[in-house]
Structures are given as C-alpha cells and as structure tokens.
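Chemist: predicted model and sequence below, questions to follow.
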Amino acid sequence: MGRKAAFAQLESHKDRVAKTTMRAMFASDPQRFSRFSAAHGDMLLDYSKNRIDAEALAALFAFARQVELEPRRDAMFRGEHLNETEDRAVLHTALRHQGDGAVMADGADVMPGVREVLGRMRSFVTAVRDGTIAGTGGAFADIVNIGIGGSDLGPVMATLALAPYTRPDLRCHYVSNVDGAHLADTLKGLDPARTLFIVASKTFTTDETMTNANSARAWLAGALGDAAVGDHFAAVSTNLAACDAFGIKADRIFGFWDWVGGRYSVWSAIGLPVALAVGFDVFEAFLRGAAGMDRHFRETPLEQNLPVILGLLGVWYRNAWGFATHAVLPYDQRLSRLPAYLQQLDMESNGKGVTLAGKPVGWATGPVIWGEPGTNGQHAFYQLIHQGTEVIPCDFLVAAIPHESLPPHHDKLLANVLAQSEALMLGKTEDEAIAELKGTGLDKGRIKALAPHKVFPGNRPSNTLMYRQLDPETLGALVALYEHKVFVQGTIWNVNSYDQWGVELGKQLAKALLPKVMGEASAGDHDSSTQGLLRHLHGLRARG
Ligand SMILES: O=P(O)(O)OC[C@H]1O[C@](O)(CO)[C@@H](O)[C@@H]1O
C-alpha cells in the first residue's frame, strides 16, 4: 500500500470515529485512560482525550511500519545522510550520547570531537563562573548571546526553563533581531567591562547576527578600546575561520559540525550560554535527559513509544481530520518560550511541499504550531479553542512538583490544566446549559436565548504530558521528545525535515532591496506594491 492509500484508509477510520464522541467513549470504557496512556520514567503521556479508538490507532502504527519508521530511525542514529538535499547526516543525538561508545558519521567516530568541545566548554564555563576568566573590569556579570533561529531559540527557552538553577550575579541576555532596538535595549545599563558577548551562528554569515555582532563590538570598543575586544567575546560556530577573522581568540571559539541542524543544536556548543547560566553539571543533566529519551525512542515498541504516539496523533489530525494548527500549552511559566522554540523545530522541519524525491506531496504536511503558557492563555484565546469553529488539538504540559514552595499556586495550576482538558473533552450540552440557567432565576425566554451561547461542543482533543518536576533531565527529555515527534511526522509525510530552503528567497530579496531602502539604487525593477512602499518610506524619511 502506498502513502496515498494509507491516508485514504485513515480517512475511513475517521468516518467511523466521527460517529461517536470522546464523552461516549469514556462512558463506555472505564479502561480508556490506561489503554491510551504511556510513560517514559516519571513522564506520563495521557492521550486518552483524543478522537481515537483502538482500530484507528492500529492503522496509524501500521502506517508507521509501512513507511519503515524503525529502519529509518536506526539509519539516523547510524549517521546515514538523511538530509539528502544538503548531503548530510542528522546526528544531533550524538551530542548527548552517553558513555564511551562510538557514533559514526562518514566513516569516522564523531565522539572524540564532541567530547573535546564539551571538555573545553566545561573549563570555560567553570572559569567564567568562578571569575578566573573575567572581563577587563572584573568577573563577568552579564552574558549577551547574539544569534538567531536555532542559535537563539533553544538557549533562550532552556535558560528560562532552568531559571531555578541560575545565579543572580550572572545574567544571560539574548539578542536576535536585526531591529536595533533589540541590541540597544539589551545593552542599556550593562557595564561593558563586565559583559561577555557570545556570537552564535552555525554559518557565521547570518546577516542579523553579524550586524548585531559588529554593533556589539563597536559598543564595547567604544567604551574600552579595541584591545579589550578579545577579552569580551566568544564564538560558537561550524565556521571556525570566520570566527577567527572576526577577531575571536582561538581558545574562545567553540565548534560544532554540519551534521547538527541549527534547530537541533541546543545540545552543542550553541548551549554555551545555558551552561554559563546554570553551570556545566546542570547542562550535562539536560543532555542526559535527552539521551534517555533517545533510548526510549530507539528501544520502546511503537505502541508505547511517546514520540511515535505524539507524531502519529498529529498525522491523524492533520491528514484525516484536516486540522491545520496545533497548540502547545505549557502549564509551566518557565516553558513560556517552548512554543516559540517548537515553532522553529516543527515548522522549519516539516513545513515542506515536496517529497524527498522532489515531487509535490499529495497530502497536508506540517501544522501551524502555536501556544502560550496556561493559565494566561485561558484568559486570552481559549474561548476560540472551546467554542470557535476550528478544532485545535492541544498539548498540555505540567509538572507535579513546583520548584517554589508557594501554596496554593501549584495546586491551582494543576486544577486548571485538568479542568481544561476535561472541559474540552466533555463540552456542555444544551440540556446541561439550560439546567444550569434554570437555577439562576432568569425567565424562560432569556434562558432560551442564552442557552446556545453557553453550549460547548466538546469532543475537542488534547494530550497531557505530566512530569515530576521541570528539572534539567526532564527538560532534555521533553525537547528530545518533540524532536523525535518531528522525525516521525517527517517520515510519514516523506519530506526532508532537515533542510530549510524556504527561508532563502526572503534573504535574497532583502539583500537586493537594501540599496533601494538606503536610496542608493532605483527600485524600478520591483512590483508596484514594493515600489509604492519604498516611495512612502522615502517620503516619510524626507519629512523626518
Ligand atoms: O546559526 P546560523 O547559521 O546563524 O543560522 C540561524 C538560523 O537561520 C536559519 O538558517 C534560517 O534562516 C535557521 O535554520 C538557523 O537556525
């Protein structure tokens, strides 16, 4: 059976499941939770509140086997060139590989190099944190990471997630946007003599990053003189020559490799600001947590395999039901940047329109990923999730144990997350709405008018991921879980999840437009909209 036939079969399962509701399925099956949940250590995935039955699930697992998910997964871990368009291995898992074993890519063991960089990172991190490596004005107090996309989002997300492990006297800032406001606002109030910049860029050519890095260098040199620059900059890149040309001292350049995709690079030296913020032991625990999820992904039968289950449910909703978006809703304030991180991870990986063979895909691929932490989202966009015309599958994430001893906050947080998935699943019928309104003393006419507004369609799907505490191991496992989910979906959709050609056109056009924005070239070769906007821009600028 080809993929098209498999997708068609999923649709027929959907037609059957669409005839019932989750409410009915829960009522008729007291074992539903235990039959539709799985765990990795303390991390539980409850996927019972989905529009799914055993038969549909079996079809999804069969689909995974049909597209040879397991051999392809093993090929990734073996270092085969799954990133075909760039002819590269996909080996971010090597960055968190535990033990003394080898990991091969292109006929060579990559682990000696990985361990060497980790060792250098440990020495640097320890020395910065104990003040042995310091700025010209004393121990570093502020670290400014300059990077964008994968060289920013992972470290931003992880530094915030691991806030309980940070020190107040060593603050981490992140500058990504080429909008000068980002750099200017970040530098405001910082002491150049106690600031360390990390220029993080896989390619070391990304325009935003190099523009910010040059301005940061000018800011520092302006305050301390050119000679101080070397003491205040470090770099992370695969392009060691470009780091050297920028003027970064050799012992402050941390390399990684082309088999690490930018959006999969937080485990590499790109994680340096995280390690500086939380210490190297904590960073290593983060890597260990991810390695644990790698083992789970490799060794657990598909039916109990968390990334496989999440990935297949995503395919189910995207392809059989046509749901276009997926919300990630952490009931964990410190995961507030996880949705943004997952946007790049998922959408840059699977937002593709051609197969590995370069033919148009004949099915929908990556969904729009979005989200915000609960409970904030409840008071903003949950209205649409509950009663809007779109069905939005949701992932709820929550810890059992908070870092803070602040009763009753965490119990309230938990009550809310449980309430939301229950409300989405159950909904509220018109009869239930009317029964509630009858207790309010309103007259019959008013009750009749109000009831439809109080109806919740229910039958709205969600997963809940519950873990013990947001500690470094758990964070590593969570992020690796989503990485592998993306792999599972990319395999089903038959796309290259590891290239990103779709970002290139905008870059090319921006380059061509810069002289026109600067008024140094005529815009005559552009469309009338672009020309009109440029005219308006120059008019506004002329008026000042
Ligand atoms: O680390 P670099 O090379 O500066 O790239 C930054 C980001 O830009 C992209 O290439 C997209 O333009 C991402 O894939 C990447 O994470």
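Modeler: Looks like it came in fine. Numbering: from 1, shown residues only.
Chemist: now for the residue of the stretch 151-300 of the chain found nearest the ligand, how many residues are close by?
Modeler: In the stretch 151-300 of the chain, the residue found nearest to the ligand is G262; the distance is 2.6 Å by C-beta to the nearest ligand atom. The way it works is simple: take the backbone N, C-alpha and C, and place the C-beta from them, glycine included. By other C-beta atoms under 10 Å, the residues close to G262 number 25.
Chemist: got it, and G101?
Modeler: Neighbours of G101 using other C-beta under 10 Å come to 8.
Chemist: that one reaches V110, doesn't it?
Modeler: No - using C-beta atoms under 8 Å, G101 is not in contact with V110, being 11.4 Å away.
Chemist: returning to that earlier point: what pLDDT does the closest residue to the residue of the stretch 151-300 of the chain closest to the ligand other than its chain neighbours get?
Modeler: Counting by C-beta to C-beta, 6 or more residues apart in numbering, G150 is the residue found nearest to G262 once chain neighbours are left out, at 2.9 Å. Residue-level confidence at G150 comes out at 98, pLDDT.
Chemist: before we move on, back to that, got the contact list for the residue of the stretch 151-300 of the chain closest to the ligand?
Modeler: Residues near G262 by C-beta atoms under 8 Å, 6 or more residues apart in numbering: G149, G150, S151, K202, Q500.
Chemist: now F280
Modeler: Counted by C-beta under 8 Å, 6+ apart, F280 has contacts M121, R122, V125, T126.
Chemist: among those residues, which one sits closest to the ligand?
Modeler: Using C-beta to the nearest ligand atom, the contacts of F280 come closest to the ligand at M121, 17.2 Å.
Chemist: could you look up the SS state of that closest one?
Modeler: helix (DSSP: H, G, I helix; E, B strand; the rest coil).
Chemist: that one and F254 touch, don't they?
Modeler: Yes - using C-beta under 8 Å, M121 makes contact with F254 at a distance of 6.1 Å.
Chemist: all helices of the stretch 251-400 of the chain, in order?
Modeler: Taking DSSP state H, counting those that start in this stretch as the test, the helices found in the stretch 251-400 of the chain are 272-278, 280-299, 306-315, 338-342, 349-350, 382-387.
Chemist: can you put these in TSV and add distance to the ligand and mean pLDDT?
Modeler: Formatted as TSV, these follow (distance: least, C-beta to the nearest ligand atom, whole Å; pLDDT from 0 to 100):
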stretch	distance to the ligand	mean pLDDT
helix 272-278	13	98
helix 280-299	18	98
helix 306-315	21	99
helix 338-342	11	98
helix 349-350	10	98
helix 382-387	30	98
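Chemist: just the C-alpha atoms of the helix or strand of the chain with the lowest mean pLDDT, please, in CSV.
Modeler: Ranked by mean pLDDT, DSSP states H and E, the weakest helix or strand in the chain is helix 240-246, scoring a mean of 94. C-alpha atoms of helix 240-246 as CSV (Å, rounded to 0.1, in the frame of the first residue of the first chain):
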residue,chain,number,x,y,z
LEU,A,240,36.0,28.5,12.6
ALA,A,241,37.8,30.6,10.0
ALA,A,242,35.1,33.2,10.1
CYS,A,243,35.2,33.4,13.9
ASP,A,244,39.0,33.9,13.7
ALA,A,245,38.5,36.6,11.1
PHE,A,246,36.1,38.4,13.4
